[in-house]
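Trainee: test case, fold it:
(chains A and B)
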Amino acid sequence: DTGVSQDPRHKITKRGQNVTFRCDPISEHNRLYWYRQTLGQGPEFLTYFQNEAQLEKSRLLSDRFSAERPKGSFSTLEIQRTEQGDSAMYLCASSTGDSPLHFGNGTRLTVT
Amino acid sequence: DAKTTQPTSMDCAEGRAANLPCNHSTISGNEYVYWYRQIHSQGPQYIIHGLKNNETNEMASLIITEDRKSSTLILPHATLRDTAVYYCIVRGRYGGSQGNLIFGKGTKLSVKP
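Mentor: Numbers count the residues shown, from 1 in each chain, chains lettered A, B, ... in the order given. All right, here's what the predicted structure looks like:
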């Protein structure tokens, strides 16, 4: 399967800890997107990259959230000092230019 | 904010056509209509998109009104596996920030035996 891969699928952490999620996009896709989804809501856009450049980050939820895509391939999303309100599904998607986005199955974060 | 309005939920009998409506009255000329669906515990899955002409693929048909202010996604023979949340999204044509997908709450489609 050469779809978008996210790791881990599930993460349980204690409040105040830092967490990092990884996304491996479809190999030839130059755009990579991060979304967050809480229960009963549609996915909420956070940020996106074109190659290694982060072109939109104003929707990152706070300065505790950061994302990187250092070589224009995989990406990481880090949440520092987690809070219970950060509990959600974190989704990654990729695309080639303006083609349809392909989503991974997400990382479910639970903050206790 | 999402630029579309969809019913919260719909039911459909297995084997029948499912017609999911979407209003996008403020759509502009450079925006596409996209449909995605999300099955429980999975990421959203692309279904179909269109600009102004009707479109059909192996999954569904998309009917866009002439004024482009609304559209209907048609699943011709719904199966139990089509039970999912369906999202109608308006997406900018020329990429950049306008190319990002902004999701609403979608329509929860329940296909019943």
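Trainee: B:Ser25 against B:Arg68, yeah?
Mentor: No - applying CB atoms under 8 Å as the test, B:Ser25 and B:Arg68 come out as separate, 9.2 Å apart. (C-beta placed from N, C-alpha, C; glycine too.)
Trainee: which one of these two is surrounded by more residues?
Mentor: B:Arg68 (18 against 11; other CB atoms under 10 Å in any protein chain shown).
Trainee: correct me, but that one touches B:Ser28?
Mentor: No - counting by CB under 8 Å, B:Arg68 sits too far from B:Ser28 to count as a contact (9.1 Å).
Trainee: check contacts around residue 27.
Mentor: No chain in the question, so chain A it is. By CB atoms under 8 Å, 6 or more residues apart in numbering or on different chains, A:Ser27 lies in contact with A:2, A:73.
Trainee: I was after chain B.
Mentor: B:Ile27 neighbours (CB under 8 Å, 6+ apart): B:3, B:33, B:68-69, B:90.
Trainee: what pairs with the residue positioned nearest the centre of chain A across the strands?
Mentor: Centroid-nearest residue in chain A: A:Trp34, 3.7 Å away (criterion: CA atoms, centre = their mean). Beta-bridge partners of A:Trp34, counted by DSSP bridges, are A:Thr47, A:Cys92.
Trainee: hang on, isn't it packed against A:Ser75?
Mentor: Yes - if you go by CB under 8 Å, A:Trp34 and A:Ser75 touch, sitting 7.3 Å apart.
Trainee: list residues touching both of the two?
Mentor: With contacts defined as CB under 8 Å, 6+ apart, the residues shared by A:Trp34 and A:Ser75 are A:23, A:67, A:92.
Trainee: CSV please, covering the residues you listed and showing distance to A:Leu60, neighbour count and pLDDT.
Mentor: Output for those, formatted as CSV (distance: CB to CB, whole Å; neighbours: other CB atoms under 10 Å in any protein chain shown; pLDDT from 0 to 100):
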residue, distance to A:Leu60, neighbour count, pLDDT
A:Cys23, 15, 26, 98
A:Ala67, 7, 21, 96
A:Cys92, 14, 29, 97
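Trainee: which of those sits closest to chain B?
Mentor: Of all the shared contacts of A:Trp34 and A:Ser75, A:Cys92 has the smallest distance to chain B: 8.2 Å, by CB to the nearest CB.
Trainee: go ahead and confirm that closest one touches A:His29.
Mentor: No - using CB under 8 Å, A:Cys92 is not in contact with A:His29; the gap is 10.9 Å.
Trainee: list the contacts for residue 81?
Mentor: Assuming you mean chain A. A:16-18, A:64.
Trainee: wait, chain B
Mentor: With CB under 8 Å, 6+ apart, B:Arg81 has these contacts: B:39, B:111.
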